[in-house]
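Have a look at this prediction, sequence included:
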Amino acid sequence: MQAVISVAFSENNIMQEARAAGCQTAGEAQGFIDQKRKKEAEENAQRAKECMPAGPAGKLLQKPNNLDSSPCGAVRCSTVFHPGGNDSSLMIAKQSISSSLDEWDITGFLGADLLSESDKRLCCELRILPAHYLNMLHIMSIEITKGTLSNKTDAHSLFKVESSKVDKVYDMLMKKGIARA
């Protein structure tokens, strides 16, 4: 029901725009609507050309040095691709994109300023945000203090992340002297 109302509302707005543009007949209005849709499709195609997907699940944690920001919130390559152009520019761009996505930069994310260099390296290695890492440390520390967490396997059930990541965070707590082997 709501979808029908929004479609009708949208069509009503388009008809009002057509009238405001000076359309007096149904044919003129249809021409106006067709032209407007064509223009919107061209704009969307241009945005799609400029934008690249942000990555798995829309997450991009780094703004690589060799890529420019785009207005759509993703990133776009500074190299312009032309149909029928040389393949070397395409290969260079693919290599720079893949290598830049392999290197995570957590600077600027909430909690990054609270981490030591070793903690920052671990966050980058595990590909977790500083706030999530700090939360894991906090929860594990509390559970260790309460006596309910005595080894790595006990910590697995506390978080909905890969057990290898939990293990490495637990290992960091051991290095800091909070957890015991």
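Cool, got the structure.

hey, where'd the helices end up in the protein?
Listed from the start of the chain, the chain has helices (DSSP state H) covering 2-20, 26-50, 87-102, 117-126, 130-146, 152-156, 163-176.

Count the neighbours of Lys165 for me.
A total of 19 residues lie near Lys165 under the criterion other C-beta atoms under 10 Å. For glycine as for every other residue, the C-beta is placed from the backbone atoms N, C-alpha and C.

And the nearest residue to it once chain neighbours are set aside, how far from Met136?
Counting by C-beta to C-beta, 6 or more residues apart in numbering, the nearest residue to Lys165 once its immediate chain neighbours are dropped is Leu126, at 4.9 Å. As for Leu126, its distance to Met136 is 10 Å (criterion: C-beta to C-beta, to the nearest Å).

of those two, who's got more company?
Taking other C-beta under 10 Å, Leu126 and Met136 do not tie; Met136 has more neighbours (23 against 20).

How about the contacts made by that one?
Contacts of Met136 were listed using C-beta atoms under 8 Å, 6 or more residues apart in numbering, and they are Ile128, Phe159, Val166, Val169.

got a list of what the third one touches?
Looking back up the chat, that one is Val166. Taking C-beta under 8 Å, 6+ apart as the criterion, Val166 is in contact with Met136, Lys152, Ala155, His156, Leu158, Phe159.

Could you report the pLDDT at the fourth one?
If I follow you right, that is His156. The score at His156 is 93. That number is its pLDDT.

just checking, it touches Ser163?
Yes - counting by C-beta atoms under 8 Å, His156 does reach Ser163; the two are 4.8 Å apart.
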